[in-house]
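Asker: Structure of the sequence below:
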Amino acid sequence: MNSNRLPRVTVIMPVYNAERYVSEAINSVLAQTFTDFEFIIIDDGSTDASADIITQYKDQRIRFIRKPRNEGLVSALNLGIELALGEYIARMDADDIALPERLKKQVAFLDSHPDVVVIGTKSWRIDPAGKIIESMISVTRWEDVHRYLRSGANRLIHSSVMMRTEIVRKIGGYREQVRVAEDFDLWLRILEYGKVCNLPEKLMLYRSNSSGQRLTKILEAARCSSYAFDCYLRRSAGLPERTFDEFAASTNLSQREAEFLWSALLECFMIGDLNRADEILSIMNKSSQRFSIKLLHFAISSGFGGFISWIYKKYRGIRSFIGDSGLSVFVSDLKHRKRLKGSLCV
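Answerer: I've put the predicted structure just below:
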């Protein structure tokens with residue numbers, strides 16, 4: 001990066017206890033074919049060797065900030081946004097891998113589409129060991145991404161997006177009151193300023209990791225996601241947003257929580273984390289009388305979890321194949337219609 005001028009892109013990567021994966025993530029950014037970027041890495045109070053690994057890198061594009069204590073993802077992201085010098089901000093997670101053409105293709109797209117504020121990408125999902133599990137994201141056109149968002153469903157992979165810095169700052173960045181669903185809330189607020197869509201190419205390896213924030217804070221994620229959507233609906237109707245406590249006191253979140261728990265359970269089957277799956281099923285058993293949940297819990301406890309996980313992986317492989325075929329638009333539309341039927345906004 002030429003120190004006499006500003007970089008085109010700022011890559012922001014928060015890190016918290018990611019010693020197992022952080023080198024792969026950093027190497028994938030430094031290996032990008034597009035080189036006009038700065039790379040802000042924020043260690044959010046890690047207690048493992050993450051910071052020691054990061055400081056071994058001497059690339060001039062890296063700006064390393066080490067926070068003395070863990071303050072959470074939203075705080076780290078907003079610090080990165082405040083420090084960013086680039087016209088565009090690219091998100092990156094410390095356990096994911098960016099493929100070499102990612103930044104180049106996203107910059108080219110935003111340069112040629114001034115009405116687009118956020119551009120994500122299709123991705124491969126990988127397990128903790130880095131093995132490809134399936135193809136992710138079949139929705140790319142802004143019309144389709146928007147209709148999903150407006151029905152309460154997120155079709156953007158947070159760590160894959162590139163955003164216009166000016167707009168993200170204008171709306172105040174991420175909001176602490178919707179932590180764990182901070183990205184979904186941001187996309188809903190950005191809809192008021194421009195388009196949000198995905199590139200059709202797979203340009204990321206997204207790691208499913210049972211120790212990640214999304215799987216360890218499932219119920220909180222459900223509540224925050226529902227609150228973000230409630231705020232969006234009220235803004236759209238010209239009404240003031242409620243506080244989180246006001247929202248929680250007036251809303252039955254059991255359906256949303258069940259959806260998130262089920263999604264997390266399936267992800268555990270996909271990566272073979274049967275211990276975590278058993279924990280989630282224990283939570284679901286307490287609030288559900290469904291025979292299928294009790295049967296599944298019994299099967300896991302009886303040693304059939306490995307077989308269930310194998311069957312589910314095969315199913316996801318078939319679904320991934322369909323998602324990459326000409327049937328993907330049809331399948332996505334069916335899923336969207338089903339989602340709308342049970343949506344909070346109907």
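
Asker: which residue is nearest the centroid of this structure?
Answerer: If you average the C-alpha coordinates of the chain and look for the closest C-alpha using Cα atoms, centre = their mean, you land on residue 158, 3.6 Å from that point.

Asker: And it, how far from residue 306?
Answerer: The spacing between residue 158 and residue 306, counted by Cβ to Cβ, to the nearest Å, is 31 Å. For the C-beta atoms, the positions are set from N, CA and C on the backbone; glycine is no exception.

Asker: Convert the C-alpha atoms of stretch 143-158 to CSV, please.
Answerer: Included here for stretch 143-158 are C-alpha records, laid out as CSV according to Å, rounded to 0.1, in the frame of the first residue of the first chain:
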residue,chain,number,x,y,z
GLU,A,143,-34.7,-8.5,-5.6
ASP,A,144,-34.5,-11.9,-4.0
VAL,A,145,-32.1,-10.9,-1.2
HIS,A,146,-34.4,-8.0,-0.3
ARG,A,147,-37.6,-10.1,-0.3
TYR,A,148,-36.0,-12.6,2.1
LEU,A,149,-34.8,-9.8,4.4
ARG,A,150,-38.3,-8.3,4.4
SER,A,151,-39.7,-11.6,5.5
GLY,A,152,-37.2,-11.9,8.4
ALA,A,153,-34.6,-14.1,6.8
ASN,A,154,-30.9,-13.3,6.3
ARG,A,155,-29.4,-14.4,3.0
LEU,A,156,-26.0,-12.7,3.4
ILE,A,157,-22.9,-14.4,4.9
HIS,A,158,-21.5,-11.7,7.1
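
Asker: now the helices: where do they sit in the stretch 101-250 of the chain?
Answerer: With DSSP state H, counting those that start in this stretch applied, the stretch 101-250 of the chain shows helices at 102-112, 142-149, 165-170, 182-190, 213-216, 218-236, 244-250, listed in chain order.

Asker: just checking, which of those comes out with the lowest mean pLDDT?
Answerer: In terms of mean pLDDT, the lowest-scoring of the helices of the stretch 101-250 of the chain is helix 213-216 (a mean of 53).

Asker: circling back: as a markdown table, the helices of the stretch 101-250 of the chain with distance to residue 19 and mean neighbour count would be great.
Answerer: Putting the helices of the stretch 101-250 of the chain into a markdown table (distance: least, Cβ to Cβ, whole Å; neighbours: other Cβ atoms under 10 Å) gives the following:
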| stretch | distance to residue 19 | mean neighbour count |
| --- | --- | --- |
| helix 102-112 | 24 | 18 |
| helix 142-149 | 34 | 18 |
| helix 165-170 | 29 | 16 |
| helix 182-190 | 24 | 23 |
| helix 213-216 | 16 | 17 |
| helix 218-236 | 24 | 21 |
| helix 244-250 | 33 | 13 |
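
Asker: Between the ones you listed, which one is closest to residue 131.
Answerer: Between residue 131 and these, the tightest spacing by Cβ to Cβ is seen for helix 213-216, at 18.0 Å.

Asker: Could I get the full set of strands for the chain?
Answerer: With DSSP state E applied, the chain shows strands at 9-15, 37-44, 62-67, 88-91, 97-98, 116-126, 132-136, 162-164, 195-207, listed in chain order.
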